[in-house]
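Participant: What follows is a predicted structure for the sequence shown.
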Amino acid sequence: MRAVPAVIRRSLAGNKLFALALIPAVLLRVDAELGYRWQSWFNDSFSYVSAAVTLTPDTSRPSGYPVYLWLLSPFHSYFLVTASQHLMGLLVALMIYALARRRFAAPAWVAVLFTLPVLYDGFEIQLEHLIMTDTLFLFLAFAAVCVLLWSLRPSWRACLVAGLLLGLSTTVRSTGLALIPVFGLYLLIRFAFPGPAEGVGAGGRRGWRALIAGLVACGIAFAGPIVGYEAWYKSAHGEFTMTESTGVFLYSRVMTFADCSRMTLPTDLLALCSSVPPAQRPIAQAYIWTDASPLDRFPPPKFSPTVNKLAEEFAIKAIEAQPLDYARTVGDDTARSFGWNREVFPNGQTYDEYLFGYHSLAIPVSPFRGYSSPEAYYARGNPDTVVVNPFATLIRVYQRYVWLPGTLYGLILLIGLFGIVLRWRRAGRGALLPWLCSVALVVAPAATAEFDYRYVTTAVPFACLAAAMVFGRRARGEQPDAAAGTGASAGAVGVPPGAGGEPGGAPLLPRRVPGSGLSGGLANAGHDQRDLAPDTP
């Protein structure tokens, strides 16, 4: 037990700046719990809780998150749900810091700087406090990225773990599917086209064998949770799929511009047309959830194999007939991610649910097993959010003023992109993975459904990681560039050859240049910073 305080002291001594940034972020989340006991509600929350208490997959959304709620249901506590989600948010920031510092040797201030949008964004904190999928999805997908990036050349075991985490994230939110090609591209670049810093013999047949092994391991592990989920869905609804909503959501996407006079449609799709001119049509989600939707012309339920198939066929024909209109619609929605101010979008009700409010969102009355609602049954009590001042006032005012504008998110993406191009031979190739993940997470919803601000909040941490990585001095385990010549040896940077390195690889960066101050010669802050004796001439 004596070793535990010593470990903590050493960790704090090497990461004081991050510890200083972390403590207020923890206190803000504690205040959110005390002010909004013990959860906040979104209009989608109720379907997730219903799926959790019945343990039945929803037909409109993947139900990985309800499974998570079900696993915690024996405790009958929403506090445990939201506290675990706040912890996940803090762990995402920790992963950014750890990768930037330990794996890529970025300066401490840089590593900490790019954790701040995760630690302090008021909308991030509120999203963690919602009974919603986003925080769990972010944690699983981000962990998958970190597993791949932690090693210079990930082993097939690392690919297996990353694939499993990504597969689990996809059962939570289907956007995870958009990350599969990103992971595949990263593995292709990493194994098939190694950089000069990775040593001689990293490519060739050996690289292709490693690539195939990594792709197979990642693919099989990714497919495992998906196949298991679809088998569960089939047992409940008779279809081997994840949802009956992909076509319906894509239909809502194209209905903001679809012109049936420009399309050649079979008879069974004509009922999906609208006589309202595109310029006068409502937002995309209205074509799912309101009476304006032609989908209501079909017998219920709306999320059924027949309706979903017809909606998908119509959407594909609309995209084929009007590709430029589709591209413009996706571009306009994606551009919303980078606005300086948050507009009231898609409507006032939804926008307000992303704010710490003055009272609890009303819980729909739907008697369930002796309780007023599934939400009450889950908690075995009153499921309303209890707003307690002054804690609620503090976090509510904080959220109004402290958050990351979309324009700054765009700037972080640009920093990452320039770093990827300029430092391609070093951290650039690795930073491409989280950078593309961030872009995919804002473009995919705009392309398949509709823009939503919470999708941007989920994408920001990946962009922050990419930007932090490109400031790294050197990836752990890399060999010097060939251009550095034989003089760029371990001894040239103050470490005896073979000391502190990985087996068979180049030595790690020096801990500290002898006789220098913290700002002058620190090359690997956070590790033991003893002064090393000068090399013997």
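Facilitator: Nice, I can see it.
Participant: Under the pLDDT cut-off, which ranges of the stretch 1-150 of the chain? List them.
Facilitator: 1-13 (pLDDT under 70).
Participant: any idea where the strands of the stretch 301-450 of the chain begin and end?
Facilitator: 386-387 (DSSP state E, counting those that start in this stretch).
Participant: In terms of position in space, what residue lies nearest the middle of this structure?
Facilitator: Leu138 (3.4 Å; Cα atoms, centre = their mean).
Participant: give me every residue that touches that residue.
Facilitator: Met88, Gly89, Val92, Thr458, Pro461 (Cβ atoms under 8 Å, 6 or more residues apart in numbering). Glycine gets a C-beta too; all of them are placed from N, C-alpha and C.
Participant: Tell me which of these fall in helices.
Facilitator: Among those, DSSP state H puts Met88, Gly89, Val92, Thr458, Pro461 in helices.
Participant: Out of those residues, which comes closest to Asn15?
Facilitator: Val92 (16.4 Å; Cβ to Cβ).
Participant: What is the neighbour count of the closest one?
Facilitator: 27 (other Cβ atoms under 10 Å).
Participant: Wait, it touches Phe142, no?
Facilitator: Yes: the pair Val92 / Phe142 is scored as a contact, 5.2 Å apart, by Cβ atoms under 8 Å.
Participant: Which neighbours do those two have in common?
Facilitator: What both Val92 and Phe142 touch, as defined by Cβ under 8 Å, 6+ apart, is the set Pro461.
Participant: related to what we said a few turns ago, of the ones in helices among the contacts of Leu138, which is the nearest to Ser438?
Facilitator: Pro461 (8.0 Å).
Participant: how about the helices in the stretch 101-250 of the chain?
Facilitator: With DSSP state H, counting those that start in this stretch as the criterion, the stretch 101-250 of the chain has helices at 108-113, 116-120, 122-129, 134-149, 156-172, 180-192, 204-237, 246-254.
Participant: quick one, which of the ones you listed is nearest to His359?
Facilitator: Nearest of the helices of the stretch 101-250 of the chain (Cβ to Cβ): helix 122-129, 15.0 Å.
Participant: Would you mind pulling the contact partners of that closest one?
Facilitator: Contacts for helix 122-129 (Cβ under 8 Å, 6+ apart): 28-29, 32-33, 36, 39-40, 82, 85-86, 88-89, 117-118, 134-135, 354-356, 395, 398-404, 453-454, 457-458, 460.
Participant: Emit the PyMOL select command for whichever of the residues you listed are buried.
Facilitator: Restricted to buried positions by 16 or more other Cβ atoms under 10 Å, the PyMOL selection for the contacts of helix 122-129 reads:
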select buried, resi 28+29+32+33+36+39+40+82+85+86+88+89+117+118+134+135+354+356+395+398+399+403+404+453+454+457+458+460
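Participant: Which of the contacts of helix 122-129 fall in helices?
Facilitator: 28-29, 32-33, 82, 85-86, 88-89, 117-118, 134-135, 395, 398-401, 453-454, 457-458, 460.
Participant: coming back round to it: quick one: which of the helices of the stretch 101-250 of the chain is nearest Ser360?
Facilitator: helix 122-129 (12.4 Å).
Participant: Give the residue spans of this structure that score low on pLDDT.
Facilitator: Ranges of the chain meeting pLDDT under 70: 1-13, 194-205, 474-537.
Participant: tally of neighbours for the nearest residue to Ala444 once chain neighbours are set aside?
Facilitator: Nearest non-adjacent residue to Ala444, counting by Cβ to Cβ, 6 or more residues apart in numbering: Ala178, 3.9 Å away. Residues lying near Ala178 (other Cβ under 10 Å) number 19.
Participant: My understanding was that Ala178 contacts Val439; is that so?
Facilitator: No: look at Ala178 against Val439 with Cβ under 8 Å: they stay out of range, at 9.6 Å.
Participant: got the contact list for Ala379?
Facilitator: Going by Cβ under 8 Å, 6+ apart, the list of residues near Ala379 reads His76, Ser77, Tyr78.
Participant: hmm, try it at 7 Å
Facilitator: His76, Tyr78 (Cβ atoms under 7 Å, 6 or more residues apart in numbering).
Participant: any idea how far it is from Arg281?
Facilitator: The gap separating Ala379 from Arg281 is 40 Å, by Cβ to Cβ, to the nearest Å.
Participant: swap in Leu185?
Facilitator: 36 Å.
Participant: higher neighbour count, those two?
Facilitator: For Leu185 and Arg281, the more surrounded residue by other Cβ under 10 Å is Arg281, and the numbers stand at 16 against 13.
Participant: For that one, which non-adjacent residue is closest in space?
Facilitator: Going by Cβ to Cβ, 6+ apart, Arg281 has Thr256 as its nearest residue, at 5.8 Å.
Participant: since we're on that neighbour, how many residues are nearby?
Facilitator: Neighbours around Thr256, by other Cβ under 10 Å: 20.
Participant: OK, contacts around Ile319?
Facilitator: Applying Cβ under 7 Å, 6+ apart, the residues contacting Ile319 are Val254, Tyr326.
Participant: One more: the one 10 residues further on?
Facilitator: Residues in contact with Thr329 (Cβ under 7 Å, 6+ apart) are Thr256, Phe257.
Participant: Likewise for Val254?
Facilitator: Here Val254 is in contact with Ala315, Ala318, Ile319, Tyr326 (Cβ under 7 Å, 6+ apart).
Participant: Which one of the residues you listed is nearest to Gln349?
Facilitator: Ala315 (25.9 Å).
Participant: on that earlier part again, can I get the helices of the stretch 101-250 of the chain in a markdown table with distance to Asp332?
Facilitator: Output for the helices of the stretch 101-250 of the chain, formatted as a markdown table (distance: least, Cβ to Cβ, whole Å):
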| stretch | distance to Asp332 |
| --- | --- |
| helix 108-113 | 31 |
| helix 116-120 | 24 |
| helix 122-129 | 22 |
| helix 134-149 | 23 |
| helix 156-172 | 27 |
| helix 180-192 | 23 |
| helix 204-237 | 32 |
| helix 246-254 | 12 |
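Participant: For Asp44, which of those is the nearest?
Facilitator: helix 134-149 (10.2 Å).
Participant: now the angle from that closest one to helix 122-129?
Facilitator: Relative orientation of helix 134-149 and helix 122-129, computed by axes from the mean of the first three to the mean of the last three Cα atoms, to 10 degrees: 100 degrees.
Participant: Specify the angle between helix 134-149 and helix 156-172 in degrees.
Facilitator: 160 degrees.
Participant: Can I get helix 134-149 in PDB, CA atoms only?
Facilitator: Only the C-alpha atoms of helix 134-149 are listed here, as PDB (Å, rounded to 0.1, in the frame of the first residue of the first chain):
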ATOM      1  CA  ASP A 134     -23.200   9.900 -27.600                       C
ATOM      2  CA  THR A 135     -20.800   9.700 -24.700                       C
ATOM      3  CA  LEU A 136     -20.700   5.900 -24.700                       C
ATOM      4  CA  PHE A 137     -20.100   5.900 -28.500                       C
ATOM      5  CA  LEU A 138     -17.400   8.500 -28.200                       C
ATOM      6  CA  PHE A 139     -15.600   6.600 -25.500                       C
ATOM      7  CA  LEU A 140     -15.600   3.300 -27.400                       C
ATOM      8  CA  ALA A 141     -14.700   4.800 -30.800                       C
ATOM      9  CA  PHE A 142     -11.900   6.900 -29.200                       C
ATOM     10  CA  ALA A 143     -10.500   3.900 -27.300                       C
ATOM     11  CA  ALA A 144     -10.400   2.000 -30.600                       C
ATOM     12  CA  VAL A 145      -8.300   4.800 -32.200                       C
ATOM     13  CA  CYS A 146      -6.000   5.000 -29.200                       C
ATOM     14  CA  VAL A 147      -5.300   1.200 -29.300                       C
ATOM     15  CA  LEU A 148      -4.200   1.500 -32.900                       C
ATOM     16  CA  LEU A 149      -2.100   4.600 -32.300                       C
END
